[in-house]
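Chemist: A predicted structure for the sequence below; I have some questions about it.
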Amino acid sequence: MGKIFLAKPAKLIISMITSDKYLFSLYKEILIKRFGEVDIESSTQPFNYTDYYEEEFGENLMQKLFSFSTLIRQDELAEIKIITNGLEKNNNIDKNIKTNITHRKRKINLDPGYITLNKYILASTKNGPSRIYLNQGIYAEITLSFINKSFVPCEYTYPNYKTCEYIIFLTSVRQKYKLQLKENSNKI
């Protein structure tokens, strides 16, 4: 029988996809109030891999990733996804967000996930063959595995997470996370 060990805390990352650049800074501040300071922020990348979001968000979509300094318990991911889904629906957060009263569409997509030393996990409300049910209607998927000193995409990984820019970004987040784990173990 194997010995049971509790999972180490993980590093929260939240992806934002929108056509309105203003929303990156607005939602960053909202997320900071909820999850703590952002310690690493990716550059803005074009999100032109699919037209899935265009009807809802418009054209010329952009994506940014935000890494948070406060580590989370891995079993918090479903709750965090429910929180971010609620934030997506709240178009009354700021009067500068242009809303169409007759069509209450989201203006931003917020996708939380986390990094451990050997993987990057994303939360989703959608089931699929590579997704594991967490709870409350939320699933998790290994998006990248850390193998031979680099993140490696899985067969089903979304194309935006396969880019060199995001592999490099997530590797830097992993390095920061590794240092945080070391600092935390020195405090014990």
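Modeler: Okay, I see it.
Chemist: which secondary element of the protein has the worst mean pLDDT?
Modeler: helix 54-57 (a mean of 82; mean pLDDT, DSSP states H and E).
Chemist: Which residues outside that helix are in contact with it?
Modeler: Identification of contacts with helix 54-57 by Cβ atoms under 8 Å, 6 or more residues apart in numbering yields 17-19, 61, 105-109. (Each C-beta comes from the backbone N, C-alpha and C, glycine too.)
Chemist: swap in stretch 157-175?
Modeler: 11, 13, 40, 42-43, 45, 47, 49-50, 63, 65, 67, 115, 117, 120, 143-144, 146, 150-151, 153.
Chemist: Can you flag which of these belong to strands?
Modeler: Judged by DSSP state E, strands contain the following of these: 11, 13, 40, 45, 63, 65, 67, 115, 120, 143-144, 146, 150-151, 153.
Chemist: Most neighbours among those, which one?
Modeler: Among these, residue 120 has the most neighbours (other Cβ atoms under 10 Å), with 28 neighbours.
Chemist: What separation do you get for that one and residue 22?
Modeler: 28 Å (Cβ to Cβ, to the nearest Å).
Chemist: For the closest residue to residue 120 other than its chain neighbours, give me the pLDDT.
Modeler: Computed as Cβ to Cβ, 6 or more residues apart in numbering, the closest residue to residue 120 that is not its neighbour in sequence is residue 144, at 4.1 Å. With respect to pLDDT, residue 144 scores 97.
Chemist: For residue 144, give me its contacts.
Modeler: Residue 144 touches 119-120, 151-154, 157, 161, 167, 170, counting by Cβ under 8 Å, 6+ apart.
Chemist: out of those, which is most surrounded?
Modeler: residue 120 (28 neighbours).
Chemist: What score does that one have for pLDDT?
Modeler: Confidence at residue 120, expressed as pLDDT, is 98.
Chemist: Was I right to think it contacts residue 140?
Modeler: No: with contact defined as Cβ atoms under 8 Å, residue 120 does not reach residue 140; the gap is 10.9 Å.
Chemist: Measure how far the helix or strand hosting residue 171 is from the centre of its chain, please.
Modeler: Element membership for residue 171 (DSSP states H and E) is helix 164-187. The chain centre lies 15 Å from the centre of helix 164-187; the measure is Cα atoms, centre = their mean, to the nearest Å.
Chemist: mean confidence for it?
Modeler: On average, helix 164-187 scores 93.
Chemist: Could you check that helix and say which residues are buried?
Modeler: Residues of helix 164-187 classed as buried: 166-167, 169-171, 173-174, 176-177, 180-181 (neighbour count, 16 or more other Cβ atoms under 10 Å).
Chemist: For that helix, list the C-alpha coordinates in CSV.
Modeler: Extracted as CSV, the C-alpha positions of helix 164-187 are listed here (Å, rounded to 0.1, in the frame of the first residue of the first chain):
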residue,chain,number,x,y,z
CYS,A,164,7.0,29.4,-27.7
GLU,A,165,5.9,32.6,-26.0
TYR,A,166,3.6,30.8,-23.6
ILE,A,167,6.0,27.9,-23.0
ILE,A,168,8.7,30.4,-22.1
PHE,A,169,6.3,32.4,-19.9
LEU,A,170,5.0,29.3,-18.1
THR,A,171,8.6,28.0,-17.6
SER,A,172,9.4,31.3,-15.9
VAL,A,173,6.3,31.0,-13.7
ARG,A,174,7.4,27.5,-12.8
GLN,A,175,10.8,28.7,-11.8
LYS,A,176,9.3,31.4,-9.6
TYR,A,177,7.0,28.7,-8.1
LYS,A,178,10.0,26.4,-7.5
LEU,A,179,11.7,29.2,-5.5
GLN,A,180,8.5,29.8,-3.5
LEU,A,181,8.3,26.1,-2.5
LYS,A,182,11.9,26.3,-1.4
GLU,A,183,11.3,29.4,0.6
ASN,A,184,8.2,27.8,2.2
SER,A,185,10.1,24.6,3.1
ASN,A,186,12.9,26.7,4.8
LYS,A,187,10.2,28.3,7.0
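Chemist: Good, we can wrap up now.
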